[in-house]
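Enquirer: Sequence first, predicted model second:
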There are 4 protein chains.
Amino acid sequence: MNGFSEEITLEGHIIDSGILSKVWGTIMDLGGEFDLQEIRVGRSKNETSFARMKITAGSEAQLHRILTALQDDGADIISRGDVRTESAPIDGGLPDDFYSTTHFPTQVRLDGHWVDVSGTEMDLVMVVDRANQSAHMVPMADVRQGEQVVVGHEGIRILPPQRSRSRELFSFMGSEVSSEKPKRLVIEEIAVLMRETRSHGGKILVVAGPAIVHSGAGQYLASIIRAGFVQALFGGNAIAAHDVESALLGTSLGVALHNGEAVEGGHRHHMIAINTIRRAGGLRAAVDLGILREGIMYECIRNGVDLVLAGSVRDDGPLPDVITDMAEAQKKMRAAVQGTEMALMIATMLHSIATGNMLPAAVKVVAVDINPAVVTKLADRGTFQALGLVTDAELFLRELAEALGLNGD
Amino acid sequence: MNGFSEEITLEGHIIDSGILSKVWGTIMDLGGEFDLQEIRVGRSKNETSFARMKITAGSEAQLHRILTALQDDGADIISRGDVRTESAPIDGGLPDDFYSTTHFPTQVRLDGHWVDVSGTEMDLVMVVDRANQSAHMVPMADVRQGEQVVVGHEGIRILPPQRSRSRELFSFMGSEVSSEKPKRLVIEEIAVLMRETRSHGGKILVVAGPAIVHSGAGQYLASIIRAGFVQALFGGNAIAAHDVESALLGTSLGVALHNGEAVEGGHRHHMIAINTIRRAGGLRAAVDLGILREGIMYECIRNGVDLVLAGSVRDDGPLPDVITDMAEAQKKMRAAVQGTEMALMIATMLHSIATGNMLPAAVKVVAVDINPAVVTKLADRGTFQALGLVTDAELFLRELAEALGLNGD
Amino acid sequence: MNGFSEEITLEGHIIDSGILSKVWGTIMDLGGEFDLQEIRVGRSKNETSFARMKITAGSEAQLHRILTALQDDGADIISRGDVRTESAPIDGGLPDDFYSTTHFPTQVRLDGHWVDVSGTEMDLVMVVDRANQSAHMVPMADVRQGEQVVVGHEGIRILPPQRSRSRELFSFMGSEVSSEKPKRLVIEEIAVLMRETRSHGGKILVVAGPAIVHSGAGQYLASIIRAGFVQALFGGNAIAAHDVESALLGTSLGVALHNGEAVEGGHRHHMIAINTIRRAGGLRAAVDLGILREGIMYECIRNGVDLVLAGSVRDDGPLPDVITDMAEAQKKMRAAVQGTEMALMIATMLHSIATGNMLPAAVKVVAVDINPAVVTKLADRGTFQALGLVTDAELFLRELAEALGLNGD
Amino acid sequence: MNGFSEEITLEGHIIDSGILSKVWGTIMDLGGEFDLQEIRVGRSKNETSFARMKITAGSEAQLHRILTALQDDGADIISRGDVRTESAPIDGGLPDDFYSTTHFPTQVRLDGHWVDVSGTEMDLVMVVDRANQSAHMVPMADVRQGEQVVVGHEGIRILPPQRSRSRELFSFMGSEVSSEKPKRLVIEEIAVLMRETRSHGGKILVVAGPAIVHSGAGQYLASIIRAGFVQALFGGNAIAAHDVESALLGTSLGVALHNGEAVEGGHRHHMIAINTIRRAGGLRAAVDLGILREGIMYECIRNGVDLVLAGSVRDDGPLPDVITDMAEAQKKMRAAVQGTEMALMIATMLHSIATGNMLPAAVKVVAVDINPAVVTKLADRGTFQALGLVTDAELFLRELAEALGLNGD
């Protein structure tokens, strides 16, 4: 192939992580050719590897496509220029060739220097502040007219996660644990990881769905919060309303949690719970007034957990604490997510996907659901830091509380 | 049992509909006794039945519980007084013993006369306007301080759906059709019902999820809209963004719809689509400008379909047409729902549940999803008007378009 | 309707059990009419009810269809003659109008006397031995030429299960417990019921799938067997082979059960396990020789459990203890099922359906699976004695062992 | 690492197929090291690659484990001796270190020459006939005392599937197509592949479950058979019995296929169907006698399809054509599988797994089921020749018949 060529290098655990294979595949898939000019393979677990190769394509456009794709794979393109930017044409609107971010750490080259881009998150855009020599990832809607938005693919460096061969919870299992694998062991390892994370002051985020309360597992989650294992909790109106219902009336969705029976007239109970909190002026006020004395919400408030309740179109009420504007809710979640080291997503798809989109690749994610399709969606993060467990949320939380040394009952 | 008693009557297709059995069961479950004083059983399909019985309970409170429960079952309590109301204590807050509505037609007794309550919807409250002798169902959050909210159970009459023995699509199947039953026949009957509904000018609502676009079935839904079978369409940011992506770039989530292959760099496509519409100023503007020339959104706009796009916390962008405030979105949906005779809910749980909550029991509901748990949730409406189909949304829409005489391809 | 009529009576908890409603529905569905001539409704939980009605149909054939259908509903047809029989035309072949059994207790009238039919099981036929005034349910294939097979619907009486209003585990839940309900409570009630059953010497049957071993829950089931809670165990080659694999090699399907990691070369392990048992001469021989020293199979053999391993077309090996002929396997299962009071079906569809078909309606059935569709199939027995739990088999067994006071770990 | 080392080579599409990465991973996972001594990377789609490396391990046993594992990955171990064998100790029993086969083409070295092993199938053992210089894969149970069974790992060469970069149906999709991807396109490609296969006389196998008949899709499968697209069909008693039921009585499981309604007394219908065929003497006799005139079984018999009906422990009847002995059934299936180029597995897990275990890796497999877990199990064959489709079997077959140019209705 005569034509347009450019050289790239790859370095790190590029073999263990499958990055080298992926790069070769990408080049061939996109119709390019490559000439392997140098390869040094790490022979043991801790040695890194290095490869240098020349990419050739039939046209400039094709070469561009290949290089852009390789960039997402983590290839470093040799002797490139600075990052390019264009002005945002309107508030909340982008120049045509805007660069859409990944959830990997990213750098841009400004005046010949590589600069870390702050606020790592997928599907955002990058705005460069040339005066301060800084760059930030921001949602499309937050871009203001005239801001310098990164376009094209030059001067951008992505640092995808690399995996060494040392055995870890988050890699040995692959990304998904079916219900037919031994999960008790995994739960114990999750508990170990939570303890380690807390021992160095790391932040743990829980995203929780209402089935936790319906199934009577609210008590286990409450005890985990009380013990200091949760720094931020995301959910919706439903988990909060039913948690309050269970604290005030002993039911969830009208089903008595002490014996599993439907209570006559119980369909009103969550409305009563919501009304009670509305009249008190909110969850915190209800705690302060002694109305709300137990449960997940109570423990969040008493233990200073960063609680974000994001509304949805199906909400009854809602509770006054629920943020009904989605832009506002995302802003609060984005703020609360900062610094998270570990995230547990339990029995909720909507809020988990929303949260997952905001989490950098490096955050350790545990997704638990009884529906394999949900687990697959959540655990498929293109990282070695996500673990999906197909199991029952009630029994999972009971086992987790036990593995953390808490008496759930 | 000595004690507190009251007489009730039941009338209509109370045997075919199982109402009589349910009433007997409720009385016994709640610890009461009954004395059947009169029964006339309709002997054929069209004759109605009648029963009169005396309920006895051990305490006033127990009798109250039983009567309240029977009311939801459709029992008419003889010689009752007027409906009782209390003032709402604050804006968006209710008196303690507020009455929570069902999705059945409901009447309240004002000055000895039975008055229809407007705005039938589940889990709302009823506000009485004594000056105008009228009553309305309203969401808790919309109640203003001082308004007269219905409390207790007296003077309220519910008219649950009754089923005669004549064979109908929405009863013969039970409420759920598993993937192992003949669905082609059901799809043909749905098409017949859609035609009948439209022939007398009835309104059809579609609630649609993004998998319709991902699976390449957007074209079938578009043709169904173009043919005039859809008067209102509810969805979220995802279906709209991917529909625009498919119209502009030929992909959905970066997968080419003409051959199913992932397009390199395709993960940016939905962002490009959203940006394009943002810059145009919205979907209608994009249609007017000739930018958007096909697809579901295009057909909605060209055919005057009442389109409500309700946001969620997981949205990218979003499109300018997406309502990000949930209270506002519910208000728009509630308005658009009025007069609906038939609703199709396809491959979306969130928006379908939101919509289902707003629909009176009399609306014919068809819920389609490949996940049996979703179908069960949506089709379990306590009516004989809901039909759940466990099947593939892509092939369902293809068959439906064909059964409606449209050439999908 | 002029025409053909006959009188039926219904007696018992016909209202609580919904039998009366069902009968009325059946008559109307089949185009008949009825005249309610007498009704006495039990007013409290323990009082039974009585109804007598005259059925009228437009033709003899229609009346016949209605009466046959009502019989399955439990109606007693007044002034009927003896049961009719015809000779089986060939071995394993039936006369045209053969009667196909239900899983309810059944009686036939011989010489004016009602005789219990032995061997209650669904989808069998009844053979009458007039000499001994007895009748038996037998599989079609076991009928010998010339035997007297029951035909038509006369002289047959079915006693469907009736439910009084007293609260019981197996009715309050409805037949299915979703993963979103509190299951811990249900597990405790199952443990109570197992204890009660054993305290009066009742027989408990477990049907078990290989996921129990794969998930590391074999130890819990082994401890439940060791404690005497299991009198019969049904399974296939897979659970037995992997149980042996875990006992001999510490893996299941090549995955180490002490840490969840795949062992290199582990795909051979179940073959090694099977070969070892084949060379020993079978499971009992392997126990006697001290080769097999722990696990589910070991405990079954040591504790005199009636073990039936039925083969399937997908088996490797198989183990010498596996019955490869299906007629033989069914015969063994049918024998072992006799006298069972309670059956637990855990994480296996094939063997559970096979077993469920053989169990009389009165047997209490608990079906556990993570797949809701499987649970629905197994728990849908038309009785008030079946309970389905959508949950994780590993954690279920761990909780059950704990609730039975056994230390699983 | 001082120690024990050996050299291996890899050749072919080892990069595209991920074999090289896998080999490197395996070595490191098992604690070895490697020295890459030569690498030549194919630069374009059709060029193959080559790698030579020296493996070092700390002990002989470790080196042995590594080499055995690499062999399964397709590595060729340089300068190895002949294959080793030991005598089978008893009928149906194996020597300790027996070699367990993969479903990849395999060769053994006899007297310095590489010989193809016949009967490729997973989880079998290899028996060498030194007199004839041949080797065969056989099930454990069929090995006779004294036969020479291959042991250890020397002198064995495996040829795993390699994938070049050319786009193919069976690779571009990955192995699984979720219900949210465009399936209509895939169905068209399957039809093209079926046509191609038949145009050169290739053999197509269908494994079919009873839901095909229950859902009314039997007509489509029948038309596909009639058009000559099926050379072998595997199923169980259920699909055959219900197919006959539908042909004779117009119902499946008692549900009328022309309108989806349950027929009163329909639960007897499959028993009537089975009895009719038993009395006729079997399916072929019923066709010859003019009793059976349409349906899947009819078309199989009329079109010379190799029909294998394998029984299971849950069968009613069964039909006389059903093989009740599992060893016999496997033998028949194994024979019928020979020469198959393409296999469609539709709506049956048991028979599909049984069949999948028997198919060499090179056979193109299409697995269709509405349950994603089943599809994952069937399509996960470690080859690039398996395609799983999560969709509705009824609509799939309707679309497939249409794509094959057949009028399904």
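Expert: Happy to help now that I have it.
Enquirer: From here on, just use CA atoms for contacts and neighbour counts.
Expert: OK.
Enquirer: quick one: the helices in the stretch 201-350 of chain A?
Expert: Along the stretch 201-350 of chain A, the segments classed as helices by DSSP state H, counting those that start in this stretch run A:211-214, A:218-226, A:237-249, A:269-280, A:283-288, A:296-302, A:326-337, A:350-358.
Enquirer: Those residues of the stretch 1-150 of chain A touching chain D, which are they?
Expert: Residues of the stretch 1-150 of chain A found near chain D (CA under 8 Å from any CA of the partner chain) are A:15-16, A:18, A:21, A:24-25, A:28-29, A:32-36, A:41, A:43-45.
Enquirer: what's the following helix or strand after the helix or strand A:Lys377 falls within?
Expert: Secondary structure from DSSP states H and E places A:Lys377 in helix A:372-379. Remark: after helix A:372-379, the chain's next helix or strand is strand A:386-390, criterion DSSP H and E.
Enquirer: Just say which of the helices of the stretch 201-350 of chain A is most tucked in.
Expert: Ranked by mean neighbour count under mean count of other CA atoms under 10 Å in any protein chain shown, those are led by helix A:211-214, which reaches a mean of 28.
Enquirer: which strands and helices sit next to that helix?
Expert: helix A:237-249, helix A:393-403 (3 or more CA pairs under 8 Å, 6 or more residues apart in numbering or on different chains; DSSP states H and E).
Enquirer: Is the one helix or strand A:Ile66 maps to positioned near chain B?
Expert: Assigned by DSSP H and E, A:Ile66 belongs to helix A:60-73. Yes. Helix A:60-73 reaches chain B (CA under 8 Å from any CA) through A:65, A:68-69.
Enquirer: Which residues outside that helix are in contact with it?
Expert: A:4-5, A:19, A:22-23, A:26-27, A:30, A:32, A:55-57, A:77, A:102, A:153, A:156-158, A:160, B:264-265 (CA atoms under 8 Å, 6 or more residues apart in numbering or on different chains).
Enquirer: Please apply the same query to stretch A:136-144.
Expert: Contacts to stretch A:136-144, defined as CA under 8 Å, 6+ apart, come from residues A:88, A:90-94, A:101, A:117-121, A:123-128, B:275, B:316-318.
Enquirer: export that stretch as PDB, just CAs?
Expert: Presented in PDB, the C-alpha positions along stretch A:136-144 are these (Å, rounded to 0.1, in the frame of the first residue of the first chain):
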ATOM      1  CA  HIS A 136     -12.100  20.300  31.500                       C
ATOM      2  CA  MET A 137     -14.800  17.800  30.400                       C
ATOM      3  CA  VAL A 138     -18.200  19.300  30.400                       C
ATOM      4  CA  PRO A 139     -21.700  18.300  29.300                       C
ATOM      5  CA  MET A 140     -22.800  19.600  26.000                       C
ATOM      6  CA  ALA A 141     -25.600  21.600  27.600                       C
ATOM      7  CA  ASP A 142     -23.200  23.500  29.800                       C
ATOM      8  CA  VAL A 143     -20.900  24.800  27.000                       C
ATOM      9  CA  ARG A 144     -21.300  28.500  26.600                       C
END
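Enquirer: List the buried residues of that stretch.
Expert: A:136-141, A:143-144 (16 or more other CA atoms under 10 Å in any protein chain shown).
Enquirer: biggest separation within the residues you listed, which pair?
Expert: A:His136 and A:Ala141 (14.1 Å; CA to CA).
Enquirer: Contact residues of the stretch 201-350 of chain A facing chain B?
Expert: A:264-265, A:268, A:271-272, A:275, A:278-279, A:310-318, A:324-327, A:329-330, A:350.
Enquirer: Next one: A:Leu395 relative to chain C, how far apart?
Expert: According to CA to the nearest CA, to the nearest Å, A:Leu395 and chain C sit 6 Å apart.
Enquirer: Name the residues of chain A found near chain C, please.
Expert: Going by CA under 8 Å from any CA, the residues of chain A near chain C are A:172-173, A:179-186, A:211-212, A:214-217, A:257-261, A:370, A:391-396.
Enquirer: Need the buried ones from these selected in ChimeraX.
Expert: To isolate the buried ones among these in ChimeraX, judged by 16+ other CA under 10 Å, type:
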select /A:172,173,179,180,181,182,183,184,185,186,211,212,214,215,216,217,257,260,261,370,391,392,393,394,395,396
